[in-house]
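[1] structure for the following, please:
(one chain, ligands or ions: 1)
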Amino acid sequence: TGFGDSRGGARSKGCFKCGEEGHMSRECPQNTGSGFGDSRGGARSKGCFKCGEEGHMSRECPQNTGSGDRHSNAYFKGGDHAAQEYHKAGDGDKPRPPLYIPPPPPEDEVEMFASMQRGINFGKYDAIPVEVSGLNAPKCISTFEMANLQETILVNVQKAGYDRPTPVQKYSIPIINADRDLMACAQTGSGKTAAFLLPVLTKLVESGVKSSEFSEKKTPQAIIIGPTRELVNQIFLEARKFSRSTIIHPVVVYGGTSVGYQIRAVQKGCDVLIATPGRLMDFINRGLIGLENVRFIILDEADRMLDMGFESEIRKLVSLPGMPQKNNRHTLMFSATFPDEIQKLAHDFLREDFLFLTVGRVGGACSDVTQTVISVEWKDKRSKLLELIADVNETKSRTLVFVETKRGADFLACVLCQEDFPTTSIHGDRLQQDREQALRDFKLAVCPILVATSVAARGLDIPKVEHVINYDMPREIDEYVHRIGRTGRCGNLGRATTFFDNKKDANLARSLVKILSEAQQEVPGWLGECAESAVGSNFGAEKGRFGGKDLRERGGEGITGFGSMGGGSGARSTADYDYNDGGGFDCVGVNDDDDSWD
Ligand SMILES: Nc1ncnc2c1ncn2[C@@H]1O[C@H](COP(=O)(O)OP(=O)(O)OP(=O)(O)O)[C@@H](O)[C@H]1O
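    Alright, predicted model coming up:
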């Protein structure tokens, strides 16, 4: 059980040296000295013949454990929970987790172009008010034909079943076409990914690629950065789809996966690099990625990327030698939420004349999600949850349950499995193969219930998620907006149920009431009262933020930080995101033990 297993169960017929199909080991390009081993310093790799990594022989290869057979439903069997085994074995000195080579992306066109069905409210997107601030904004477009997309890219858009652009696409595409920097804020599930990919890919195809296939160091022209591994992988699949049959090679690199595998992917050509920050810095430090040709830096979930934990990485990245200064590159930022203090920070990365696009209200919840808030004390949460999911085994309707801690996610998934609800979990302490398997099981409704920490709150576009349950209220209201945005996407209807524990969550009452009212949702009387008596936040401070305004129009000074909305702490939590994704083996989130950081 070598390579084959980790790629999805079947024994690979590929080369025993590099694991790739299409040649035998005696013809392996690595024999020439130009492959994997060389890229780490010129010498022929003495690594394992199965996985290509150094430091062990093939008979000791961690892939012999047959990780591909590992089912994320291991809770049922009570044994094979890789992440737990790995942590137990650690005892202070953490061993390396098994190497993980993700399954190859689809080659089949049908699979590649399959996308979410538009819902009945897709047409209503056009009624959402749009504002563009900044000087000389170009006119919006109303069809993809008007978007000046490169011909093949336009064909790919049609193959994806996109027959007209969403508002964020109508405005962003001409702005990017006109070589302007952009900060764009639009509700969850409204098509922000294509809004930046389509014009950027068009620019790259039209100007021709610069990255040489033959040089060791690849010099991508666009770098797209996101906060979690699953999200960057999803953006990669979108980039691959839209750039199909063009000269563009998109590549993704993220933590928890084999570095060797990703090095080989980069070395095949890398015009657009999609990455989590840690692994990106790792590749730059190894001399595998050069920045001199960068024309576009794109921050998806930009407010998170400029938030605590990630901001310093992004600052480091833009000040690295070789990276073009902000006036010699374009910086694009997208999110559904943009707290004032992050908007302020963002100015450091954008050209002076950037445009600020808001579709609807900055930080507003998706209007296609019916939101219900229930007052539940912690001791009653479990029985309330079981009530809510009682019919899931019959309906198979995908239900995403958010909890606060990684340990809590494991525990609740176990409880639900014991109650005979096929459940899986995703959080920063699970091995990457288990995280990806969990997502696949959830997508296919093998496990229609997914218990997740905030690692799954942003960006993930999973069809048919019908119900999001906040078993634990998040610590920040932005996180609430992103979490419930996993349903009600692309004009589909969704529902979200939130357990609100008055003793613990009172500091979020006001901001929650605000979100509910703006989305024309019912505000329970008890929640209104709780908001009235809550201390620490005030509606005055929130006014500006929810007005969907460009800070430049408000002078940019004296803005009350959004932190105060979360109860006056002023500090924004780092939650369970993919920090420390470099180094190849770090599959852990922010902090192993301290669940207050999870
Ligand atoms: N013009 C379009 N026509 C039809 N479907 C579209 C169109 N644009 C995007 N979609 C689909 O809508 C879904 C949501 O898009 P996307 O993931 O880009 O949303 P988003 O705004 O980035 O959400 P989030 O804020 O959660 O990251 C995807 O399945 C995408 O394929």
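
[2] where does the stretch 401-550 of the chain have low pLDDT?
    For the stretch 401-550 of the chain, the stretches with pLDDT under 70 are 535-549.

[3] around the ligand, which positions in it sit nearby?
    Contact residues, the stretch 401-550 of the chain versus the ligand (CB under 6 Å from any ligand atom): 459, 461, 485, 489-490. Every C-beta, even on glycine, is put in place using the N, C-alpha and C of the backbone.

[4] out of these, which is most surrounded?
    G485 (28 neighbours; other CB atoms under 10 Å).

[5] quick check: closest non-adjacent residue to P102.
    Spatial nearest neighbour of P102, chain neighbours left out: T257 (5.8 Å); criterion: CB to CB, 6 or more residues apart in numbering.

[6] measure the one you found to T276 for me?
    T257 sits 10 Å away from T276, going by CB to CB, to the nearest Å.

[7] looking at these two, which is more packed in?
    Neighbour totals were compared for T257 and T276, and T276 leads with 30 against 26 (other CB under 10 Å).

[8] touching, I248 and V272? I think so.
    Yes. I248 is within contact range of V272, at 6.2 Å (criterion: CB atoms under 8 Å).

[9] shared neighbours of the two, anything?
    201, 204, 239 (CB atoms under 8 Å, 6 or more residues apart in numbering).

[10] just curious, which of those residues is nearest to L355?
    L201 (20.1 Å; CB to CB).

[11] does the one helix or strand the closest one maps to reach the ligand?
    Here L201, judged by DSSP states H and E, is contained in helix 192-207. Yes. Against the ligand, helix 192-207 shows contacts by CB under 6 Å from any ligand atom at 192-194.

[12] show me the residues of the stretch 401-550 of the chain next to the ligand that map onto strands.
    If you go by DSSP state E, those have nothing in strands.

[13] mind putting these into JSON lines with distance to R475?
    Listed next are those as JSON lines, based on distance: CB to CB, whole Å:
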{"residue": "G459", "distance to R475": "19"}
{"residue": "D461", "distance to R475": "24"}
{"residue": "G485", "distance to R475": "17"}
{"residue": "R489", "distance to R475": "24"}
{"residue": "C490", "distance to R475": "28"}
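
[14] what's the local residue count around S533?
    With other CB under 10 Å as criterion, S533 counts 10.

[15] what about the shared contacts of I248 and V272, which one has the most neighbours?
    Going by other CB under 10 Å, A239 tops the shared contacts of I248 and V272 with 27 neighbours.

[16] for the residue nearest the centre of the chain, what are phi and psi?
    Closest to where the C-alpha atoms of the chain average out (CA atoms, centre = their mean) is L231, at 2.5 Å. Main-chain torsions, L231, degrees, to the nearest 10: phi -70, psi -40.

[17] same question for T372.
    phi -120, psi 130.

[18] how close does it sit to F421?
    Applying CB to CB, the value for T372 to F421 is 20 Å.

[19] more neighbours, the two?
    Neighbours were counted for T372 and for F421 using other CB under 10 Å; F421 has more, 19 against 14.

[20] next, the more buried one: secondary structure please.
    Put simply, F421 is coil when judged by DSSP: H, G, I helix; E, B strand; the rest coil.

[21] hey, what's the residue lying closest to it once chain neighbours are set aside bridged with?
    Spatially, and ignoring its direct neighbours in sequence, F421 is nearest to I449 (5.5 Å; CB to CB, 6+ apart). Beta-bridge pairing for I449 (DSSP bridges): T399, T423.

[22] for I449, what are its contacts?
    389, 392, 398-401, 416, 421-424, 442.

[23] would you write a PyMOL line that selects the buried entries of the residues you listed?
    PyMOL command restricting those to the buried ones, with burial defined by 16 or more other CB atoms under 10 Å:
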select buried, resi 389+392+398+399+400+401+416+421+422+423+424+442
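
[24] so what pLDDT did S115 get?
    Listed pLDDT for S115 reads 84.

[25] repeat that for D391.
    Per the predicted model, pLDDT is 95 at D391.

[26] excluding its backbone neighbours, what's nearest A506?
    A534 (5.2 Å).

[27] what about that neighbour, neighbour count?
    Quick note: A534 (other CB under 10 Å) scores 21 neighbours.

[28] same deal with R440?
    15.

[29] over to the one 5 residues further on?
    The number of residues packed near A445 is 15, by other CB under 10 Å.
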